[in-house]
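# kindly generate the corresponding structure for this input.
(one chain, ligands or ions: 1)
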Amino acid sequence: MTTPSVRRPGPASSRTTPPEGAAAPVATGPDPRHTTERMMDFQGCFGCGADAADGLRVAHRDVTGHEVRTEFTVREAHQGAPGLAHGGLLATAMDETLGSVAWHLGKRCVTGRLETDYLAPVPVGGVLHLRGWCTGVHGRKVYVEGEGRIGGPDGPVAIRAAGLFVEVPEEHFTRDRTAEARPAAAGAEG
Ligand SMILES: CCCCCCCC/C=C\CCCCCCCC(=O)SCCNC(=O)CCNC(=O)[C@H](O)C(C)(C)COP(=O)(O)OP(=O)(O)OC[C@H]1O[C@@H](n2cnc3c(N)ncnc32)[C@H](O)[C@@H]1OP(=O)(O)O
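Take a look at the predicted model:
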C-alpha cells in the first residue's frame, strides 16, 4: 500500500498573500524616527532581548535588501515534548524574524497575523537558522514569509511561515493601557 502524499501548498493563506496592486518592498533600513531611545535600547524583548532571562535570545545575523537572517539556539527551557522544541516558541522565533523584516523596510509594525507550518521536529541543542523576506506592501500592510532550517542555512526545513504586519502610529506603544488591563467591574458584562 502506498502512503497518500500530503499536499503542502506553503504557509501563505489569502490573508498573508499580497493583493493585486501591492508594491514591491523597498529596503530603506529601520526609520530612526520610529525607534525612540527607549525602544532602541530595550533589552527586555522575549524574542531577542539580552535581559529577558527566559527569552529566546534570537540572534539577528544579517540583512540583505529586504531579507533578514537570524539564529535561534534551542535550549532545554524551550522544550515541548522531551528533547524537542515547543512549536509555539518556534513560531515566536519566526515572529521575531519576520517582524524585523517589516522594521527594516522603515515601517513601525506589529504582527497582525502569523501562519506556521511545522515540517520537522527541532531538537534541543540544535540551532535553527531563520530567514524572512517581504513579498509585498499594500497600504499599512506588510506581507512577509520565512523559513527555518536545522543546523545550518542549507539544512533541512523545519518550519515555514507567512505573516501580515500592520503599520501603527507611535501612540500604539506609548499609550497608557493600565486601565484596559484591569478586570472589568462586577456586573459590567453585557
Ligand atoms: C513590536 C516591537 C518592536 C520594537 C522595535 C525595535 C526595533 C526593531 C527591531 C527588531 C524588530 C522587532 C520585531 C518584533 C516582532 C514581534 C512583533 C509582535 O509581537 S507585535 C505584538 C503582537 N501583535 C499585537 O499586539 C497587535 C494587536 N493588534 C492590533 O493592535 C490591531 O489589531 C492592528 C494594529 C494589527 C490593526 O488594527 P487597526 O485598528 O490599526 O487597523 P485595522 O483596520 O483593523 O487593520 C489594518 C489593515 O490590516 C488588516 N488586518 C489586520 N489584522 C489582520 C489579520 N489578523 N488578518 C488579516 N488582515 C488583517 C485589516 O483588514 C486592514 O486591512 P485594510 O487596510 O482594510 O485593507
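
# need the three-state assignment for the residue of the chain found nearest the ligand.
Nearest residue of the chain to the ligand (C-beta to the nearest ligand atom) works out as Gly99 at 2.5 Å. Every residue, glycine included, has its C-beta placed from N, CA and C. Here Gly99 is recorded as helix under DSSP: H, G, I helix; E, B strand; the rest coil.

# same deal with Thr92?
Per three-state DSSP, Thr92 ends up helix.

# ok, it touching Gly47?
Yes. Using C-beta atoms under 8 Å, Thr92 makes contact with Gly47 at a distance of 5.9 Å.

# common neighbours of these two, please.
Common neighbours of Thr92 and Gly47 are listed as Leu56 (criterion: C-beta atoms under 8 Å, 6 or more residues apart in numbering).

# OK, contacts around Arg61?
Counted by C-beta under 8 Å, 6+ apart, Arg61 has contacts Arg69, Thr70, Glu71.

# which element, helix or strand, includes it?
strand 59-64 (DSSP states H and E).

# now do Met39
helix 37-40.

# indicate whether that helix makes contact with the ligand.
Yes. Applying C-beta under 6 Å from any ligand atom, one finds helix 37-40 touching the ligand at Met39.

# list the buried residues in that helix.
Within helix 37-40, no residue is scored as buried using 16 or more other C-beta atoms under 10 Å.

# okay, it in PDB with CA atoms only?
C-alpha atoms of helix 37-40 as PDB (Å, rounded to 0.1, in the frame of the first residue of the first chain):
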ATOM      1  CA  GLU A  37      15.700  55.800  22.500                       C
ATOM      2  CA  ARG A  38      13.600  53.600  24.800                       C
ATOM      3  CA  MET A  39      12.800  51.200  22.000                       C
ATOM      4  CA  MET A  40      16.300  51.100  20.600                       C
END
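
# what's the average pLDDT for it?
In this model, helix 37-40 has an average pLDDT of 71.

# what do you get for stretch 11-24?
Rounded mean pLDDT across stretch 11-24 is 95.

# could the C-alpha coordinates of it be exported in PDB?
Provided in PDB are the C-alpha atoms of stretch 11-24 (Å, rounded to 0.1, in the frame of the first residue of the first chain):
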ATOM      1  CA  PRO A  11       2.100  28.600   4.600                       C
ATOM      2  CA  ALA A  12       0.600  31.700   3.000                       C
ATOM      3  CA  SER A  13      -3.200  32.000   3.000                       C
ATOM      4  CA  SER A  14      -5.200  34.600   1.200                       C
ATOM      5  CA  ARG A  15      -4.800  36.800   4.300                       C
ATOM      6  CA  THR A  16      -1.000  36.700   4.100                       C
ATOM      7  CA  THR A  17      -0.700  36.900   0.300                       C
ATOM      8  CA  PRO A  18      -0.200  40.400  -1.100                       C
ATOM      9  CA  PRO A  19      -3.300  41.500  -3.000                       C
ATOM     10  CA  GLU A  20      -3.100  42.600  -6.700                       C
ATOM     11  CA  GLY A  21      -1.600  46.100  -6.800                       C
ATOM     12  CA  ALA A  22       0.700  45.600  -3.800                       C
ATOM     13  CA  ALA A  23       4.000  47.400  -4.100                       C
ATOM     14  CA  ALA A  24       7.400  45.700  -4.100                       C
END
